[in-house]
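Trainee: test case, fold it:
(one chain, ligands or ions: 1)
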Amino acid sequence: MPEPLTPGELLALDRQHVWHPYGPMPGKAAPLLVESASGVRLRLAEPVEGQDELVDGMSSWWSAVHGYNHPVLNDAAHGQLERMSHVMFGGLTHEPAVRLAKRLVDISPEPLQHVFLADSGSVSVEVAVKMCLQHWRSLGKPRKQRLLTWRGGYHGDTWQPMSVCDPDGGMHELWQGALPRQIFADAPPAGFDAAPDEAYAAHLRELIGRHAEELAAVIVEPVVQGAGGMSFHSPAYLRVLREACDEHGVLLVFDEIATGFGRTGALFAAEHAGVAPDVMCLGKALTGGYLTLAATLCTTAVADGISHGALPVLAHGPTFMGNPLAAAVADASISLLLSQDWGQEVKRIETGLRNGLAPAADLPGVREVRVLGAIGVVQLDHEVDMAAATRAAVQEGVWLRPFRDLIYTMPPYITGDDDVARISAAVCAAAREG
Ligand SMILES: *Cc1c(COP(=O)(O)O)cnc(C)c1O
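Mentor: Numbering: from 1, shown residues only. The predicted model follows:
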């Protein structure tokens with residue numbers, strides 16, 4: 001065993017050597033040191049604001065839907081670890097990957113039949129884009145290599161995904177000019193239940209029609225735009241995209257990395273609209289938050305297109321493709337989800353968040369409170385004071401990670417009513433102080 005390090009030593013080394021998401025080097029704000037996690041609670045290595053554990057309001061960025069240290073997922077990981085944690089996927093295959101792929105085909109919209117297992121959400125989006133471009137190239141239409149999306153989106157941090165993130169005010173604004181230039185529609189009008197806006201639908205149709213010759217695909221997050229601004233829109237616009245893409249010969253990609261596996265109240269957000277994409281990306285909750293894994297699913301038509309080209313293969317193959325450990329845990333996580341009335345749990349959390357967040361609407365500086373499925377958002381009329389908002393949440397015994405003007409939560413589905421109330425109180429406190 002290595003020499004134990006004190007919390008103080010760990011934090012000093014962290015600051016000196018370790019990058020954190022969207023962070024400076026050396027680090028500015030000290031992160032909280034987590035020692036272990038169980039159920040919905042993160043146990044801290046040393047008390048902060050008098051709390052030695054925090055209820056996790058973030059599900060580790062949408063992923064830990066069953067909470068931490070779950071016996072079923074632990075068993076799946078241990079069992080697979082004893083067989084093999086990894087083996088290369090070129091020329092070899094194994095039961096965890098095959099089982100997982102078959103299950104994803106079974107539970108996703110019907111036309112999606114083929115699965116590429118990637119190692120992170122961003123990579124799954126890269127693969128989706130490569131699939132679409134290569135499909136058209138193989139069919140003799142190499143000009144079709146641009147993407148269309150709507151503003152306010154987020155698709156990851158590698159190059160192609162960055163090019164379809166919101167170009168203004170988003171995290172990747174810095175890279176305008178260096179990134180591939182994509183086509184942006186206006187952001188979809190807000191509101192899951194709002195009546196569809198005909199003028200906006202016409203705007204989408206017109207743009208897709210006008211650029212059809214150069215468009216490989218339209219890529220969007222269905223129903224919920226996550227890290228681009230936590231906004232919700234009517235599923236009707238997804239039907240408009242589907243129709244316009246079919247009419248003009250453009251592929252449709254749904255990035256369900258955040259929305260997949262029940263978070264919005266449907267197993268996949270596409271189901272709210274009753275449409276199927278040609279390509280779909282999954283990640284985040286795929287392994288229940290245990291290991292990094294993502295998937296790109298496509299239709300037989302997309303795969304056939306690729307297989308008819310001069311290069312009749314999909315030239316992509318990450319070293320850790322199909323990682324057995326991650327695949328085994330993912331399959332167990334999906335079984336666990338489907339073995340329970342997850343829809344009822346999401347609805348219960350939705351009700352708890354609606355009640356618990358309602359008081360925030362009357363706070364000064366709050367622009368809007370919105371809830372959909374197990375997602376609760378308080379939008380301020382100013383940039384969040386991160387330090388103050390985080391401190392306020394921690395004082396309530398809750399972990400939150402606000403960004404921009406948004407204080408939001410997407411709790412694990414196992415979060416009990418008392419803890420949903422506690423998270424809601426913390427969001428309100430953060431909105432008051434932040
Ligand atoms: C998080 C996210 C990604 C990127 O996934 P990573 O695993 O962080 O690379 C892509 N798209 C959406 C919608 C996401 O929420």
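
Trainee: so what touches the helix or strand residue 388 falls within?
Mentor: Residue 388 is part of helix 386-395 when elements are defined by DSSP states H and E. Outside of helix 386-395, the residues within contact range by Cβ atoms under 8 Å, 6 or more residues apart in numbering are 29, 32, 48-51, 54, 57, 399-402, 407, 426-427, 429-434. Yep, even glycine has a C-beta here, placed from its N, CA and C like the rest.

Trainee: what residues of that helix count as buried?
Mentor: Across helix 386-395, burial judged by 16 or more other Cβ atoms under 10 Å covers 389, 390, 391, 392, 393, 394, 395.

Trainee: quick one: mean pLDDT for the next helix or strand after it?
Mentor: Sequence-wise, the next helix or strand downstream of helix 386-395 (DSSP H and E) is strand 398-399. In this model, strand 398-399 has an average pLDDT of 98.

Trainee: mind giving me the packing neighbours of strand 398-399?
Mentor: Contacts defined by 3 or more Cβ pairs under 8 Å, 6 or more residues apart in numbering; DSSP states H and E place strand 398-399 against strand 51-56, helix 417-433.

Trainee: what are the buried residues along the first one?
Mentor: Across strand 51-56, burial judged by 16+ other Cβ under 10 Å covers 51, 53, 54, 55, 56.

Trainee: and the helix or strand following that strand with the ligand, contact?
Mentor: Heading C-terminal from strand 51-56, the first helix or strand you meet, by DSSP H and E, is helix 59-62. No. With Cβ under 6 Å from any ligand atom as the measure, helix 59-62 is seen stopping short of the ligand, the closest distance being 6.6 Å.

Trainee: who touches helix 59-62?
Mentor: Contacts of helix 59-62 (Cβ under 8 Å, 6+ apart): 65, 226, 258, 263, 284, 285, 289, 401, 410, 411, 412.

Trainee: for residue 385, give me its contacts.
Mentor: The contact partners of residue 385, by Cβ under 8 Å, 6+ apart, come to 433, 434.

Trainee: where's it relative to residue 402, distance?
Mentor: Computed as Cβ to Cβ, to the nearest Å, the residue 385 to residue 402 distance reads 9 Å.

Trainee: residue 142 now?
Mentor: Taken as Cβ to Cβ, the span from residue 142 to residue 402 is 44 Å.

Trainee: what number of residues lie near the residue in the stretch 1-150 of the chain that the ligand sits nearest to?
Mentor: In the stretch 1-150 of the chain, no residue comes nearer to the ligand than residue 121, which is 2.1 Å away by Cβ to the nearest ligand atom. Counted with other Cβ atoms under 10 Å, the neighbours of residue 121 add up to 29.

Trainee: that one against residue 287, yeah?
Mentor: No. Using Cβ atoms under 8 Å, residue 121 is not in contact with residue 287, being 11.7 Å away.

Trainee: quick one: residue 216 from residue 277, how far?
Mentor: Distance of residue 216 to residue 277, computed by Cβ to Cβ: 14 Å.

Trainee: of those two, who's got more company?
Mentor: The neighbour comparison of residue 216 against residue 277 (other Cβ under 10 Å) goes to residue 277, with 32 against 25.

Trainee: quick one: low-confidence parts of the stretch 51-200 of the chain?
Mentor: Applying pLDDT under 70 to the stretch 51-200 of the chain flags residues 170-171.

Trainee: okay, helices next: where are they in it?
Mentor: 59-62, 71-83, 95-107, 121-138, 159-163, 198-211 (DSSP state H, counting those that start in this stretch).

Trainee: what's the most buried one of those?
Mentor: Compared across these, helix 121-138 shows the largest average neighbour count, a mean of 24 (mean count of other Cβ atoms under 10 Å).

Trainee: other SSEs contacting that one?
Mentor: Using 3+ Cβ pairs under 8 Å, 6+ apart: helix 121-138 touches strand 112-118, helix 159-163, strand 215-220, strand 251-255, strand 279-282, strand 294-299, helix 300-307.
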